[in-house]
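sequence unknown, structure follows:
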DNA sequence: GTCAGATGAGAGCAGTGCTCTCTATTGGGA
DNA sequence: TCCCAATAGAGAGCACTGCTCTCATCTGAC
């Protein structure tokens, strides 16, 4: 084994965080700085952000930037992962802030408003992760895990609602509502498992529909489809959230 | 008035369609051809389609293309308007195909499935009009009218549902559901007017929520958020449509 | 102190949107 | 029928892009 390789292994296996070399720390700071500037450009240029412009802002030449990110896609991926994680933290914080854990309606509202608030504050970052696919960009599997985090919070709320006896009885939608085909039901049960909600498929299906509506509403607002139509944005969103909560059954007395 | 201007006015005021000159017809054909090729490129390159590549495909040089479209944005606008109009025609046709006009549930399902089918068949055109805003592109007011057409169909269904006595009684959501603030209620009543549905605000609000959910669902599918989650796409969409129909009150017996 | 590896600068390639100038064609009015 | 202006296209050029390659500098571990 070459000395260089040995040194690499030592650095990465035996001193992971404890003693990062000065070079490594500078490199990490530089990487963060690049992402910060890129994020600023994202707000003006959207996904058509220019590596060269970012480099100029940093007082360096574009080729130097390639020491930190192999290409534009890799930089985008870093921004996407960060965006997912920031959103996830907002959502988890909002959920955790509701001290009465049995107040599942309050938790649903808190989570929904947290998502909307973040999206409205950072529309370009929202578009980056929930908008139309970026031309020529294929998201790597690295993005899957952070993308799952927000929906796990919903799963937690659902599970707590079930154990609090708030959700409607199993399969109540079967009378009156539409039944789920067995293939679809199996898929939704898989979702329930992944999300950690030990809840019947019909309840999960209703929650997924509400989740879809939530992001539909946020998308409509952020992407400008409410322009010149509805100005009372927050109130309209709140009304939708409460309606969907009733649809899921979160509003019921326990 | 110069002779040239006079001739222009004559062409545009006194013989609008009747006798288009050969030159005008060739020009119109060429314009359509450019849009056709551009649409093909849209499917591969997304909104980052290249004018030069389009010109190459047409066997001409890029500058020649500027005789037909002032710039890239104008070409995009033309594609956007076309996409809206094609979708609108699909939706209107689907609605009109339901012979029993009192079958408002059937009409809602037909419209929903028509929108989804078009979006799944032409994901890039769907992204063009319902996806995240295109970097550096501002939609001109020309796009407003065609963008309104699909929602007018929903308005028609709502109005017919009301006159058939299918919708729930006025303001039934006030008990149990959340009330609408008066500013928001006024905005929604304006929507009702524009859409031509002489229906109370609560019913329109529920319909708007269902509309939001519909596009949320289509967006989730087209933009890949259902990948590795739900394979029974059409059935899942149908279940959502039916659930939202019940939410609006379209399922009620008249 | 040395020397490999990390970092950045600079030139260059192929591509982009768009403008400008020049030429060939064509069609309507005298 | 001829003429002249309007039209359509070609080609060169500008400023920009992502990305690669080479070269010089610096630094940190031995």
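That came through fine. Every value quoted in this text rests on a predicted model; they were computed, and no experiment measured them.

contacts, neighbours, all on C-alpha from now
Will do.

Please identify the helix or strand for residue A:92.
Taking DSSP states H and E as the criterion, residue A:92 maps to helix A:72-96.

Would you mark the buried spots in that helix?
A:73, A:75-85, A:87-88, A:90-92, A:94-95 (16 or more other Cα atoms under 10 Å in any protein chain shown).

from what I can see residue A:134 touches residue A:46, true?
No. Contact criterion Cα atoms under 8 Å: residue A:134 and residue A:46 do not qualify, at 10.1 Å.

Quick check, the residue in chain A closest to chain B?
For chain A and chain B, the shortest gap (Cα to the nearest Cα) falls at residue A:216, measuring 3.8 Å.

Can you name the residues that contact the residue nearest to that residue when sequence neighbours are not counted?
Distance criterion Cα to Cα, 6 or more residues apart in numbering or on different chains; nearest residue to residue A:216, sequence neighbours excluded, is residue B:216 at 3.8 Å. Counting by Cα atoms under 8 Å, 6 or more residues apart in numbering or on different chains, residue B:216 touches A:212, A:213, A:214, A:215, A:216, A:217, A:219.

any idea of the mean pLDDT in the helix or strand that contains residue B:216?
Using DSSP H and E, residue B:216 sits in helix B:201-222. Averaging pLDDT along helix B:201-222 gives 97.

same check, this time on stretch A:229-249
The average pLDDT for stretch A:229-249 rounds to 97.

And stretch A:108-121, by the same measure?
pLDDT averaged over stretch A:108-121 gives 98.

Run through the neighbouring helices and strands of the helix holding residue A:92.
helix A:22-45, helix A:104-121, helix A:123-130, helix A:144-163 (3 or more Cα pairs under 8 Å, 6 or more residues apart in numbering or on different chains; DSSP states H and E).

Can you tell me which of the ones you listed has the worst average pLDDT?
helix A:22-45 (a mean of 93).

what does the helix or strand just after that one rub up against?
Counting by DSSP H and E, the element after helix A:22-45 in chain order, helix or strand, is helix A:51-57. Here helix A:51-57 makes contact (Cα under 8 Å, 6+ apart) with A:34, A:37, A:38, A:41, A:61, A:62, A:64, A:65, A:72.

And DNA strand C, is helix A:51-57 touching that?
No. Using Cα under 7 Å from any atom of the strand, helix A:51-57 stays clear of DNA strand C, coming no nearer than 7.9 Å.

ok, then the element right after that helix?
Toward the C-terminal end, the helix or strand that comes next after helix A:51-57 (DSSP H and E) is helix A:62-65.

any bit of stretch A:72-80 sitting next to DNA strand D?
Yes. Judged by Cα under 7 Å from any atom of the strand, stretch A:72-80 comes into contact with DNA strand D through A:72, A:73.

Just the closest residue of chain A to DNA strand D, please.
residue A:50 (2.9 Å; Cα to the nearest atom of the strand).

Next, count neighbours for that residue.
Under the neighbour criterion other Cα atoms under 10 Å in any protein chain shown, residue A:50 is assigned a count of 16.

Against residue B:77, how distant is it?
Between residue A:50 and residue B:77 the computed distance is 24 Å (Cα to Cα, to the nearest Å).

likewise residue A:35?
32 Å.

before we move on, what about residue A:112?
In terms of Cα to Cα, residue A:112 sits 34 Å off from residue B:77.

again with residue A:103
Distance, residue A:103 to residue B:77, by Cα to Cα: 48 Å.

what's the answer for residue A:95, then?
Distance, residue A:95 to residue B:77, by Cα to Cα: 42 Å.

and what of residue A:186?
As for residue A:186, its distance to residue B:77 is 43 Å (criterion: Cα to Cα).

still on that earlier bit, which one of the helices and strands packed on helix A:72-96 lies closest to DNA strand C?
Taking the helices and strands packed on helix A:72-96 one by one with Cα to the nearest atom of the strand, helix A:22-45 is closest: 4.5 Å.

In terms of secondary structure, what does the closest one contact?
Other helices and strands packing on helix A:22-45, by 3+ Cα pairs under 8 Å, 6+ apart, are helix A:51-57, helix A:72-96, helix A:123-130.

could those go into TSV alongside distance to residue A:250?
As requested, those are exported to TSV (distance: least, Cα to Cα, whole Å):
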stretch	distance to residue A:250
helix A:51-57	46
helix A:72-96	15
helix A:123-130	26
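
Relative to residue A:244, tell me which of those helices wins on proximity.
Taking Cα to Cα, helix A:72-96 is the member of the helices and strands packed on helix A:22-45 nearest to residue A:244, at 17.2 Å.

Run through who's touching that closest one.
A:35, A:39, A:51, A:69, A:107-108, A:110-111, A:114-115, A:118, A:125-126, A:128-129, A:137, A:139-140, A:142-143, A:146-147, A:149-150, A:153.

and what of stretch A:103-123?
A:43, A:87, A:90-92, A:94-95, A:98, A:101, A:125-126, A:154, A:157-158, A:160-161, A:214, A:218, A:221-222, A:238, A:241-242, A:245, A:250-251.

let's go with 6 Å and repeat that
Applying Cα atoms under 6 Å, 6 or more residues apart in numbering or on different chains, the contact partners of stretch A:103-123 are A:91, A:94, A:95, A:126, A:218, A:250, A:251.

tell me the contacts of the fourth one?
This points to residue A:126. residue A:119 are the contacts of residue A:126 under Cα under 6 Å, 6+ apart.

Count the neighbours of the closest residue to residue A:31 other than its chain neighbours for me.
Among residues not flanking residue A:31 along the chain, residue A:68 sits closest, at 6.4 Å (Cα to Cα, 6+ apart). A count of neighbours around residue A:68, defined by other Cα under 10 Å, yields 15.

so which helix or strand takes in residue A:68?
Assigned by DSSP H and E, residue A:68 falls outside every helix and strand.

From the centroid of chain A, which residue is nearest?
residue A:84 (4.1 Å; Cα atoms, centre = their mean).

got a list of what residue A:63 touches?
With Cα under 6 Å, 6+ apart, residue A:63 has no contacts at all.

so residue A:201 touches residue A:189, yeah?
Yes. When contacts are counted by Cα atoms under 6 Å, residue A:201 is listed as touching residue A:189 (5.5 Å).

Got phi/psi on the residue of chain A closest to DNA strand D?
phi -100, psi 120 (degrees, to the nearest 10).

What does the pLDDT read for it?
96.

Next: residue A:14.
36.

With residue A:171 instead?
56.

repeat for residue A:175
47.

for the one 5 residues further on, same thing?
Confidence per residue is given as pLDDT, and for residue A:180 that number is 92.

now it, what's its secondary structure?
coil (DSSP: H, G, I helix; E, B strand; the rest coil).
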